[in-house]
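Chemist: A predicted structure for the sequence below; I have some questions about it.
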Amino acid sequence: MTERRTARRYDLSLPVMIRVPVEQATSRNGKTRDISTRGIYFTIDQDLGAGAELDITLTLPAEVTRGSEVFIRAMGKVIRVDKTPDNGSSRVGVAAVIERYEIIRTDSSTQ
């Protein structure tokens, strides 16, 4: 298989909040497995379909940023769903492409 990634991938297990824009009021919590500037792989209890548009919010803790906590809000689309659960879990794995994102620092001096 040929490697098609164009951005470096980081193995990070972080909490992530996923909203499907059509259902803006409801959100689901998941956990990242890895992220890059162009994509994200996470696990979640909800089954999502390929092509679903996502509103993604995750928090990079101070230990990762070596400074203050940073929030990342991204918009993306599901490109693949792995329905085979790991370790007998009911969670599914979701690979999504990130179409755009913004970084929100919590440090009040940057506002």
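Modeler: Good, I have the coordinates. Treat the numbers as computed from the prediction; the structure is a model and nothing was measured.
Chemist: find the centremost residue of the protein, please.
Modeler: Nearest residue to the geometric centre of the chain (Cα atoms, centre = their mean): Ile40, 4.8 Å.
Chemist: confirm that one sits in a strand?
Modeler: Yes: assessed by DSSP: H, G, I helix; E, B strand; the rest coil, Ile40 belongs to a strand.
Chemist: the helices in this structure, which residues?
Modeler: Along the chain, counting by DSSP state H, helices occupy 62-65.
Chemist: so how far is the least confident helix or strand in the chain by mean pLDDT from its chain's centroid?
Modeler: Scoring the helices and strands of the chain by mean pLDDT, DSSP states H and E places helix 62-65 at the bottom, with a mean of 85. The chain centre lies 17 Å from the centre of helix 62-65; the measure is Cα atoms, centre = their mean, to the nearest Å.
Chemist: which strands and helices sit next to that helix?
Modeler: Contact partners of helix 62-65 among helices and strands, from 3 or more Cβ pairs under 8 Å, 6 or more residues apart in numbering; DSSP states H and E: none. The C-beta positions use only the backbone N, C-alpha and C, and glycine is treated the same way.
Chemist: thinking again about what came up before, in contact with the closest residue in space to the residue nearest to the centre of the chain that isn't next to it in sequence, which residues?
Modeler: Using Cβ to Cβ, 6 or more residues apart in numbering and skipping the chain neighbours, the partner closest in space to Ile40 is Ala96 (5.3 Å). By Cβ atoms under 8 Å, 6 or more residues apart in numbering, the residues touching Ala96 are Gly39, Ile40, Tyr41, Phe42, Leu54, Ile56, Gly76, Lys77, Val78, Ile79.
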